[in-house]
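Peer 1: quick check, what structure comes out for this input:
(one chain, ligands or ions: 2)
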Amino acid sequence: MTTVAIIGGGTVGGALAGAILRGGHPADQLIVTVRREEHAARLRAELACEVLLDNAEATRRADVVIVATKPQDIGPALEAAGTGRLVVSMAAGVTTAVLEKRLGPESRVVRVMTNTGLMVDQAMSVISPGRHATEADLDLAETLLTSGGRVIRLPEDQQDAVSALSGHGAAYLYFIVEVLTQAGVYAGVAQPIARELLIQTMTGATTLLRESGQHPVELREAIMSRGGATISAFREIERHNVRDALFDAVMAATRRGAELSELA
Ligand SMILES: NC(=O)C1=CN([C@@H]2O[C@H](COP(=O)(O)OP(=O)(O)OC[C@H]3O[C@@H](n4cnc5c(N)ncnc54)[C@H](OP(=O)(O)O)[C@@H]3O)[C@@H](O)[C@H]2O)C=CC1
Ligand SMILES: O=C(O)[C@@H]1CCC=N1
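Peer 2: Ligands and ions are numbered 1, 2, ... in the order given. Prediction:
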């Protein structure tokens, strides 16, 4: 069996640890590290595995090291990972070239962009190999991430755009739900009801999108009755350039991804 060390048990690292354990990985073969003892104590209460502050101890016992710190904190984590083990990086923006340079020649790295769907085993994770990662390394990364949701393989040059779509795509949705809930309350629906109406509507909409295979425009047009309420709503959405705002948001996030590698 493979012993896994997750360096950085924060939002993503902690969620991945939970998913890996729910997926049946033995708890005595998973070690999570964080910096602060109060965080470690909290994680120990949540996760069945060992939680340490000592990265060197965790990586010494590991076959694979998953680095889940912020890009700017990745230095000490990579230093602890050492050489000879597969390193899987969850850090946004940080390229495999930067990781390989830090870890040394022939180092085997896999770059991942995942999302917080890991918390409910519904993540979308995208993996890309570094120059020396083997097929077995990709298979191992894929197996671990599959515990937390779907995994696909894509060339690394798409990873910054992936980050802007699936990496933080849920944030767009949460924002839309936040604004629509507020508008619903203003229009006269109680807040908990507005929230429930929207959650069920989003769930139905995404299920239909997946199951029908239809283009979103087709599905939207099926909702817009001639002379009805929906077309009035979309007249406002187009008037306020929501399309441009979302398009520009994805472009800005993609550009920022490229800058994040410089923080590592
Ligand atoms: N949040 C998201 O939705 C997504 C994040 N990502 C990427 O995942 C990575 C982690 O992000 P996120 O989980 O949000 O960040 P968090 O701040 O929630 O978690 C980072 C964790 O790293 C720990 N840490 C930092 N330095 C060290 C160290 N030297 N040794 C051990 N642990 C350390 C921190 O510990 P402590 O708490 O004790 O300080 C913290 O718990 C980032 O690189 C981000 O780009 C990717 C996709 C989605
Ligand atoms: O904001 C970030 O940089 C990370 C990447 C995707 C989600 N969070």
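
Peer 1: residues of the stretch 151-264 of the chain that sit close to ligand 2?
Peer 2: Within the stretch 151-264 of the chain, the positions lying close to ligand 2 (CB under 6 Å from any ligand atom) are 163, 167, 168. Every residue, glycine included, has its C-beta placed from N, CA and C.

Peer 1: tell me the contacts of the last one?
Peer 2: For residue 168, the residues meeting the contact criterion (CB atoms under 8 Å, 6 or more residues apart in numbering) are 115, 253.

Peer 1: now do the phi/psi pair for it.
Peer 2: phi -120, psi 20 (degrees, to the nearest 10).

Peer 1: please report how far it lies from residue 252.
Peer 2: Distance of residue 168 to residue 252, computed by CB to CB, to the nearest Å: 11 Å.

Peer 1: picking that back up, format the residues of the stretch 151-264 of the chain next to ligand 2 as TSV; extra columns: pLDDT and distance to ligand 1.
Peer 2: Formatted as TSV, these follow (pLDDT from 0 to 100; distance: CB to the nearest ligand atom, whole Å):
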residue	pLDDT	distance to ligand 1
163	97	7
167	98	5
168	97	6
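
Peer 1: using TSV, lay out those residues together with distance to residue 225.
Peer 2: As requested, those are exported to TSV (distance: CB to CB, whole Å):
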residue	distance to residue 225
163	37
167	36
168	33
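
Peer 1: okay, the closest residue to residue 62 other than its chain neighbours: pLDDT?
Peer 2: With sequence-adjacent residues excluded and distances taken as CB to CB, 6 or more residues apart in numbering, residue 62 is closest to residue 5, at 3.6 Å. On pLDDT, residue 5 comes in at 98.

Peer 1: surely residue 5 is within a strand?
Peer 2: Yes: per DSSP: H, G, I helix; E, B strand; the rest coil, residue 5 lies within a strand segment.

Peer 1: what's the burial count for the closest residue to ligand 2 within the stretch 151-264 of the chain?
Peer 2: The minimum distance from the stretch 151-264 of the chain to ligand 2, using CB to the nearest ligand atom, falls at residue 167 (3.2 Å). Residues near residue 167, counting by other CB atoms under 10 Å, number 25.
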